[in-house]
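Colleague: Next input, structure requested:
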Amino acid sequence: MSEIALLTVTHDPQGRNIKLFNKLQKDFDDIYSELFITISEESSIELIKEMERSKFNVKIIPKKGVAQARREVLNLGFLGKSQYYHYCDFDRLLTWGKNHLEELKKLVANIRNYDYLILGRTERAMNTHPLEWIETEKITNKICSFELGKEVDITAGSCSFSRESAEFLVRYSKEKMTDAEWAMIVHRIAKLDVGYIPVEGLEYQEETNGISRITSDSEKWLGRLQLSLIISESAMKIGK
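Modeller: Sure thing, here's the model as predicted:
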């Protein structure tokens, strides 16, 4: 058994990920020492029941955005015994486990070698995403790369960190998005090393990773552009 805990979050009103979770549940149990998830109170009752029957430590929370959900699961996981943490958005984790399980296992086994690790996408994995994601995230990733002094893809929804790094995240995280904020807290405030690894598993599949509500093309592009601005601004100001 590893000493690495999984931290994840989900908002799934339709319960569309129940079937895939059931298929991968034992794999996750084998990979991680502890499992923690925050689930929005608007999520499917069936999904909540499935999670509560599993080995996950579950906390139901009000829907207040992904950053707050991530902080909630960070605080929950910090109460556990593990010395390292792998954070991954739940839908991302399911896609990873479904299509690249061996890569996920190898990655988790390597986490203890890093204070903080940004997990990004290979070129192939990036190109599976919608065009509005790819184009707007290029800007975010360029700005974050300037600020960290290395090329990174910081918007893929996954990272890992030590308990020492987690202490700083618990204390200082407060921004609207955590993608760049957490890395910059560790880099500038904790003054610990931030590593980077691109992976195949953080690819996009519409049935698992797509947005369920119907939006126009303009709304899709504007939403991603606004997200890019929020993350980019946090990269520039945190710890300065």
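Colleague: Could you pull up the residues touching Arg188?
Modeller: Neighbouring residues of Arg188 by C-beta atoms under 8 Å, 6 or more residues apart in numbering: Ile238, Gly239, Lys240. Bear in mind the C-beta positions are built from the backbone N, C-alpha and C, glycine included.
Colleague: Excluding residues flanking it in the chain, which one is nearest the last one?
Modeller: This points to Lys240. The spatially closest residue to Lys240, leaving aside those adjacent along the chain, is Arg188, at 6.9 Å (C-beta to C-beta, 6 or more residues apart in numbering).
Colleague: Read off the pLDDT value for the one you found.
Modeller: In this model, Arg188 is scored at 97, pLDDT.
Colleague: repeat for Arg213
Modeller: According to the predicted model, the pLDDT of Arg213 comes to 71.
Colleague: repeat for the one 10 residues further on
Modeller: According to the model's per-residue confidence, Gly223 sits at a pLDDT of 93.
Colleague: doesn't Thr215 make contact with it?
Modeller: Yes - under the criterion of C-beta atoms under 8 Å, Gly223 makes contact with Thr215 at 7.3 Å.
Colleague: What would the lowest-mean-pLDDT helix or strand in the chain look like as PDB? C-alpha coordinates only.
Modeller: The element with the least model confidence among the helices and strands of the chain, by mean pLDDT, DSSP states H and E, is helix 206-209, at a mean of 88. Included here for helix 206-209 are C-alpha records, laid out as PDB according to Å, rounded to 0.1, in the frame of the first residue of the first chain:
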ATOM      1  CA  GLU A 206     -17.000  14.100 -24.200                       C
ATOM      2  CA  GLU A 207     -19.200  11.500 -22.500                       C
ATOM      3  CA  THR A 208     -17.100  11.800 -19.200                       C
ATOM      4  CA  ASN A 209     -15.400  15.300 -19.300                       C
END
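Colleague: Show me where the chain has its helices.
Modeller: Listed in chain order, the helices of the chain (DSSP state H) span residues 18-31, 45-53, 66-78, 90-99, 101-110, 123-126, 131-148, 163-172, 179-184, 206-209, 217-237.
Colleague: Go through the fifth one and flag the buried ones.
Modeller: Just to be clear, that refers to helix 101-110. Going by neighbour count (16 or more other C-beta atoms under 10 Å), the buried part of helix 101-110 is Leu104, Leu107, Val108.
Colleague: which helices and strands does the least confident helix or strand of the chain pack with?
Modeller: For helix 206-209, the packing partners by 3 or more C-beta pairs under 8 Å, 6 or more residues apart in numbering; DSSP states H and E come out as helix 90-99.
Colleague: and the helix it packs on, what other elements does it pack with?
Modeller: With contacts defined as 3+ C-beta pairs under 8 Å, 6+ apart, helix 90-99 has these neighbours: strand 4-10, helix 18-31, helix 101-110, helix 206-209.
Colleague: just these: most buried one?
Modeller: Comparing the helices and strands packed on helix 90-99 by mean neighbour count (mean count of other C-beta atoms under 10 Å), strand 4-10 comes out on top with a mean of 25.
Colleague: if we can go back for a sec, what about the helices of the chain, which gets the closest to Leu192?
Modeller: Nearest to Leu192, of all the helices of the chain, is helix 163-172, at 5.9 Å by C-beta to C-beta.
Colleague: relative to strand 4-10, how tilted is that closest one?
Modeller: Interaxial angle, helix 163-172 versus strand 4-10 (axes from the mean of the first three to the mean of the last three C-alpha atoms, to 10 degrees): 30 degrees.
Colleague: can you list contacts of helix 163-172?
Modeller: Contacting residues not belonging to helix 163-172 are listed as 74-75, 77-78, 82-85, 115-116, 161, 182, 185-186, 189-190, 192, 238 [C-beta under 8 Å, 6+ apart].
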